[in-house]
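> Take this sequence and fold it.
(one chain, ligands or ions: 1)
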Amino acid sequence: MYTFFAEAKSGNFFKITDSELKHLRVCRIKKGEEIGVIFEGSLYRCVLKDINRKEALCEILEKVEIELPSVKLTLFQAVPVNLKTFEFILQKATELGIESVVPVITGRSFQDLSVIKKKFERWEKIIREAMKQSRRPEELKLEEPVHISDINAEADLNILLDNFSAKKSISEISFKGIETVSYVVGPEGGFSEEEINMLVSKGFTPVKLRTFVLRTETASIVAGGIILNLAGS
Ligand code: SAH
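This next block holds a predicted model:
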């Protein structure tokens, strides 16, 4: 079932306009067909009742009860030098149910903050598209970029993905009673030793993933998937 964002709700009806209307046309949805609608953080099963040049009207059949992520997960992601990789990570993070992504500037990450700021509109769009595809009703929060020295271990459990010196495997971490988790992932070139020491001294637990050295995007997504599937159960 295709899913769209509604612009407004009136009684038992949603109004779909602008780029979402365009998308509905591209998908060739016909009157009487069922669609999913995301509106104000909830997902609804609807049926298309009417469509004209300016808007589509659909009637609500039911609100869909969605299973929420098992923990609130924050990804501190060093901005990859190849910014396309960051887009891939945002898309996958949205599908997985990661709550928020914080772009992090590190010694070997992408550096230019003004370029990062300019990308935000495009990145928000990627998140919305991924929400539709994965039928995720609650937005992934894309936070303002921070410098690595400004990161703090504020969650119940704080993990540093470290392919160098970590002794502990992610499978050895206990998620018992944990409600919030954060994890930090380095850029293509990895962290410097000083950066790792600084994060460990702040309370981040260095953790390794099996088996070999992963690309930054592989590490982020695999760790996110493991945490969201193991925690809270
Ligand atoms: N060029 C670096 C690799 C960086 S990989 C090197 O030669 O070591 C990018 C980031 O992904 C790393 O900083 C780390 O956060 C994470 N990562 C990659 N493989 C990992 C693994 N096996 N275990 C834990 N973290 C890993």
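> Looking at strand pairing, list the partners for the closest residue to Leu21 other than its chain neighbours.
Once flanking residues are discounted, Leu21 sits nearest to Ala56: 5.6 Å by CB to CB, 6 or more residues apart in numbering. (Glycine included, C-beta is placed from N, CA and C.) Beta bridges link Ala56 to Ile16, Ile51, judged by DSSP bridges.
> Helix, strand or coil: sort out Ser174 for me.
coil (DSSP: H, G, I helix; E, B strand; the rest coil).
> and it, how far is that from Leu160?
17 Å (CB to CB, to the nearest Å).
> Of all residues in the chain, which one is closest to the ligand?
Gly186 (2.2 Å; CB to the nearest ligand atom).
> doesn't Thr216 make contact with that residue?
Yes: assessed by CB atoms under 8 Å, Gly186 is found in contact with Thr216 at 6.4 Å.
> Tell me where the chain has strands.
Using DSSP state E, the strands of the chain run over residues 3-5, 8-10, 13-16, 34-39, 42-51, 56-64, 72-78, 100-105, 141-142, 146-147, 157-161, 168-169, 180-185, 205-208.
> Mind putting those into CSV with mean neighbour count and distance to Asn197?
Below are these laid out as CSV (neighbours: other CB atoms under 10 Å; distance: least, CB to CB, whole Å):
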stretch, mean neighbour count, distance to Asn197
strand 3-5, 21, 44
strand 8-10, 11, 52
strand 13-16, 21, 52
strand 34-39, 20, 43
strand 42-51, 17, 44
strand 56-64, 16, 47
strand 72-78, 24, 16
strand 100-105, 21, 16
strand 141-142, 15, 28
strand 146-147, 12, 16
strand 157-161, 23, 10
strand 168-169, 12, 16
strand 180-185, 24, 13
strand 205-208, 18, 10
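> can you redo these as CSV with mean pLDDT?
What follows is the strands of the chain, written out as CSV (pLDDT from 0 to 100):
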stretch, mean pLDDT
strand 3-5, 97
strand 8-10, 96
strand 13-16, 98
strand 34-39, 97
strand 42-51, 97
strand 56-64, 97
strand 72-78, 98
strand 100-105, 98
strand 141-142, 98
strand 146-147, 98
strand 157-161, 98
strand 168-169, 94
strand 180-185, 98
strand 205-208, 97
